[in-house]
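Asker: fold the following.
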Amino acid sequence: MKFLIQIFLTLYIVLFSSKLFSSELKEIVLLDGADKFQSQAISSGLSNLILEDAKYQLTKSHFPYGPHCKKNTLDCRQNFKFTAGFKTASFDLNFDGFNEVFVNYISPSYCGSGGCTTYILQKNINNNWKIIGKFFPGYNIKISSDGNEGYSDIFFDNTRCRYRKYNNYTCK
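Answerer: As a prediction, the model looks like this:
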């Protein structure tokens, strides 16, 4: 009996480790800015998020409280400064011949000491882009040759994201 258990455990370890090491991981490098294709994805898929961010910066952040001036300044004024940046990459996650777009959104409201959020955008049948996943922090992205429901798994900082038909990408 002990011998059978040892054989079973050995086979389990061999099968498990071969499956674990058989998947290939491709690193995704996010580049500063966006090309024309990625800009269209951002304009369509993240426009509401960017508008909400600008509204927050204008109405609730530092701007409505007035400028910070030295005590003896007679004419103390300020301008509204809103900046947002992007780091992007494109990759076909579902092998349909059309790239999804990874967007690391860089803004004071969406970044912290741990980094910034990365969004995954996909073009839908109406030629609009939608968010199909997001993760924080959005660094060290690797795409697996293994997947779920026709989509590649995504790894970042030892976290795995799997595609689910009704929940899009979920990370655990």
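Asker: what's the burial count for I143?
Answerer: 21 (other Cβ atoms under 10 Å). All C-beta spots, glycine's among them, are computed from the backbone N, C-alpha and C.
Asker: look up how far G150 lies from it.
Answerer: Note on I143: its distance to G150, by Cβ to Cβ, to the nearest Å, is 14 Å.
Asker: what's across from the residue nearest the centre of the chain in the sheet?
Answerer: Centroid check for the chain by Cα atoms, centre = their mean gives T118 as the closest residue, at 2.3 Å. Counting by DSSP bridges, T118 is bridged to N104, F135.
Asker: please, where are all the strands along this structure?
Answerer: 25-28, 31-32, 85-91, 100-106, 111-112, 115-116, 118-123, 129-135, 141-148, 151-156, 159-164, 168-171 (DSSP state E).
Asker: so which of these is nearest L51?
Answerer: Checking the strands of the chain against L51 by Cβ to Cβ gives strand 100-106 as the closest, at 12.7 Å.
Asker: may I see the strands of the chain organised as a markdown table, with distance to F63 added?
Answerer: Below are the strands of the chain laid out as a markdown table (distance: least, Cβ to Cβ, whole Å):
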| stretch | distance to F63 |
| --- | --- |
| strand 25-28 | 35 |
| strand 31-32 | 26 |
| strand 85-91 | 19 |
| strand 100-106 | 19 |
| strand 111-112 | 18 |
| strand 115-116 | 21 |
| strand 118-123 | 25 |
| strand 129-135 | 27 |
| strand 141-148 | 33 |
| strand 151-156 | 33 |
| strand 159-164 | 35 |
| strand 168-171 | 33 |
